[in-house]
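In: Whatever this is, show me its structure:
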Amino acid sequence: TIAEEVSGMPGLATPVKEGGIGFDYRMAMGIPDFWIKLIKEYSDEDWKPGTIWWELTNRRKEEKTISYAESHDQALVGDKTIIFRLIDADMYWHMNKEDQHMVVDRGIALHKMIRLMTASTINGGYLNFMGNEFGHPEWIDFPRQCNGWSYKYARRQWSLLENQQLRYADLLAFDKAMIQLLKKNSKELPCQRWLHDQDQIMAFERGPLLFVFNLHPSRSYTDYGILVQKGSYKTVLDSDSKEFGGFGLVDDQIVHTTTPAPENQGSGLEWIHLYLPSRTALVLKLQ
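Out: Below you'll find the model as predicted:
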């Protein structure tokens, strides 16, 4: 059972025998509103990893939640989906794979990162909503008197995925890879490793997985150092991979081995140094 409730009532997703109300999960309803506010009101340079991390993990550890990037509040007529806020009308003209367009490239990169940040910080479940898994370009509007009882927008255009010349299939391929990875590796809760608002870098571990996000719109980093568990790491998901509509700037075959951190002796943590292109996310697995 899942509770859709906005007050943050304690015990809502706690068993009755422990004094709770007894739902299995509660909807993390503040997350979609946060993403829309961030996109609408802040420039890309002002996306702060510390704020994002707090919003995505602000919950009681004992209560399981369902996290989601958007829902009907964004997809219905009168508002815009995340992808449409990021790209807007350019979606109608520049979603062809052969048409490199700065607005579309930005929107697709951020759309993948937003979904991955939301899904990888869950402590319960993750919810896709009616086409956001492939960046559906339009809103939903059910037949009503004000639109002349029209069915025009009472739909999702699944046929967009069949056209391999368009970038929607790339977004879906990323979603499938992301979900498959998280289904196998999401038993442990996320553990923060690095938050740097000026560099716009966020990194956290979840079991054997290391998630690293570079949110900076123009700055790429070479040999960026992060303190992580000692060992060797291999890339298992790269948001910038060409198969996901990216540029393929990172060599995903490289095995990254940590180096000692004298200033952190006894902590079990060592430095890993990574190439982090702007607006990309990497997931590496401890070997």
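
In: Pull out the buried positions in stretch 63-80.
Out: Buried positions in stretch 63-80, judged by neighbour count with 16 or more other Cβ atoms under 10 Å: 63-71, 74-76, 80. (C-beta placed from N, C-alpha, C; glycine too.)

In: start to end distance for that stretch?
Out: Start-to-end span of stretch 63-80 (Cα to Cα, to the nearest Å) is 30 Å.

In: cool, stretch 199-214 as well?
Out: Span of stretch 199-214 from end to end, Cα to Cα: 8 Å.

In: Likewise for stretch 211-229?
Out: Chord length of stretch 211-229, first to last residue, is 13 Å (Cα to Cα).

In: just how off-centre is it within its chain?
Out: On the basis of Cα atoms, centre = their mean, to the nearest Å, stretch 211-229 sits 16 Å off its chain's mean C-alpha point.

In: Counting neighbours, which bits of that stretch end up buried?
Out: Phe211, Val212, Phe213, Asn214, Leu215, His216, Tyr221, Tyr224, Ile226, Leu227, Val228, Gln229.

In: okay, the buried residues of stretch 63-80 in CSV with distance to Tyr151 next?
Out: As requested, the buried residues of stretch 63-80 are exported to CSV (distance: Cβ to Cβ, whole Å):
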residue, distance to Tyr151
Glu63, 40
Lys64, 37
Thr65, 35
Ile66, 30
Ser67, 32
Tyr68, 26
Ala69, 27
Glu70, 23
Ser71, 22
Gln74, 21
Ala75, 16
Leu76, 15
Lys80, 21
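
In: with the residues you listed in mind, which one is nearest to Pro277?
Out: Ala69 (22.1 Å; Cβ to Cβ).

In: so the closest one touches Asn132, yeah?
Out: Yes - proximity of Ala69 to Asn132 meets the contact threshold set by Cβ atoms under 8 Å, at 6.5 Å.

In: hang on, His136 packs against Thr81?
Out: Yes - counting by Cβ under 8 Å, Thr81 is a contact partner of His136 at 6.7 Å.

In: quick one on the thing from earlier: closest to His101 out of the buried residues of stretch 63-80?
Out: Nearest to His101 among the buried residues of stretch 63-80 is Lys80, at 18.6 Å by Cβ to Cβ.

In: give me the number of residues near Leu269?
Out: With neighbours defined by other Cβ atoms under 10 Å, the count for Leu269 comes to 17.

In: strands paired with the helix or strand where Phe211 lies, and their directions?
Out: Counting by DSSP states H and E, the element that carries Phe211 is strand 209-214. If you go by DSSP bridges, strand 209-214 pairs up with strand 201-206 (antiparallel), strand 280-286 (antiparallel).

In: For the first one, give the mean pLDDT please.
Out: Averaging pLDDT along strand 201-206 yields 98.

In: Can you give the contact residues for it?
Out: The contact list for strand 201-206 (Cβ atoms under 8 Å, 6 or more residues apart in numbering) reads 49, 52-53, 117, 120-121, 185-186, 188-196, 210-216, 221, 224, 226, 228-229, 276.

In: Let's see which of those residues end up in helices.
Out: Pro49, Ile52, Trp53, Met117, Ser120 (DSSP state H).
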